[in-house]
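Asker: After the sequence you'll find the predicted model.
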Amino acid sequence: MLANDGLSYIVQLTSVVPGATYYVQTTQQPPSGQQTPADYHLSIAFGAQGSAAAPAVARNTLSQTNQTDAGTLNLAQAGLVHFALSADEGNSTVPVNVTMTVTDSTGKTVFTLTAQGGKPPITLNYYLGAGTYQVTYKVSLGSGAPGGATIPSVTFELDAGIFSQPQGPYFTGSTTSSSSGGLSYSGTVKSGSTPYYY
């Protein structure tokens, strides 16, 4: 998953076998479920080398008894940062959301991202100035949750990287280096794998 920002949905498939047959299906899945179907444009591109995905910088499990988490993002210099937030509630059928809030050194909210459990990661490209930012995460019940429901265990993951240029999903590196122009993140990074979406 390279992009899912409400306007573009970009998925990359690696290890494609030459000569094999693949099928592509499109369906309407608006976040609110109330939007009117609209026109779309489908593009399929083949390349010898794939785009480097942003690395995971934070991962933790939230629940009814542990609803929040936090971390710190440092940028050595201003840059266009790609964020991808995902949430996985496992086998639970209770709808949940994980909301990430980024605030600057003055406490002002810069932006928020909300990922729905079991849905593809939500992405955002945001130009941030050099400095230190606080990142907080909060889990909550999603729309349609039954009355009296409790929040199940939800694993969230934040992937982040700096674009080398604003025209495509190419990052300056695959690690969260704090070197010149890079970013560093301190917070909870539990072991685990990124959820699979289709």
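Answerer: Thanks, I have the structure now.
Asker: Following the chain past the one helix or strand in the chain whose mean pLDDT sits lowest, name the next helix or strand.
Answerer: Within the chain, confidence by mean pLDDT, DSSP states H and E is lowest for strand 9-10 among all helices and strands, at a mean of 78. Following strand 9-10 in sequence order, the next helix or strand is strand 56-62 (DSSP states H and E).
Asker: quick check: mean pLDDT across that following strand?
Answerer: In this model, strand 56-62 has a mean pLDDT of 93.
Asker: got it, and stretch 99-117?
Answerer: If you average the pLDDT over stretch 99-117, you get 96.
Asker: Tell me the buried residues in that stretch?
Answerer: Within stretch 99-117, the residues that count as buried by 16 or more other CB atoms under 10 Å are 99-102, 113-117. (C-beta placed from N, C-alpha, C; glycine too.)
Asker: Show residues contacting it.
Answerer: Stretch 99-117 is contacted by residues 31, 73, 83, 85-89, 92, 95-98, 121-122, 124, 126, 128, 131-140, 142, 154, 156, 158 when judged by CB atoms under 8 Å, 6 or more residues apart in numbering.
Asker: Return the set of residues that bridge with the residue nearest to Leu124 when sequence neighbours are not counted.
Answerer: Closest residue to Leu124 apart from its sequence neighbours, by CB to CB, 6 or more residues apart in numbering: Phe83 at 4.9 Å. Beta-bridge pairing for Phe83 (DSSP bridges): Leu124, Ala160.
Asker: so Phe83 touches Leu158, yeah?
Answerer: Yes. Shown here, Phe83 and Leu158 form a contact pair, counting by CB atoms under 8 Å, at 6.7 Å.
Asker: More neighbours: these two, which one.
Answerer: Ranked by neighbour count (other CB atoms under 10 Å), Phe83 and Leu158 place Leu158 first, with 27 against 24.
Asker: Please report phi then psi for the more buried one.
Answerer: Here the main-chain torsion angles of Leu158 (degrees, to the nearest 10) amount to phi -110, psi 120.
Asker: can you pull the contacts of it?
Answerer: So Leu158 contacts 56-59, 83-85, 100, 135, 137 (CB under 8 Å, 6+ apart).
Asker: possible to save the buried residues of stretch 99-117 as CSV with distance to His41?
Answerer: Formatted as CSV, these follow (distance: CB to CB, whole Å):
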residue, distance to His41
Thr99, 30
Met100, 29
Thr101, 33
Val102, 31
Leu113, 25
Thr114, 26
Ala115, 25
Gln116, 24
Gly117, 29
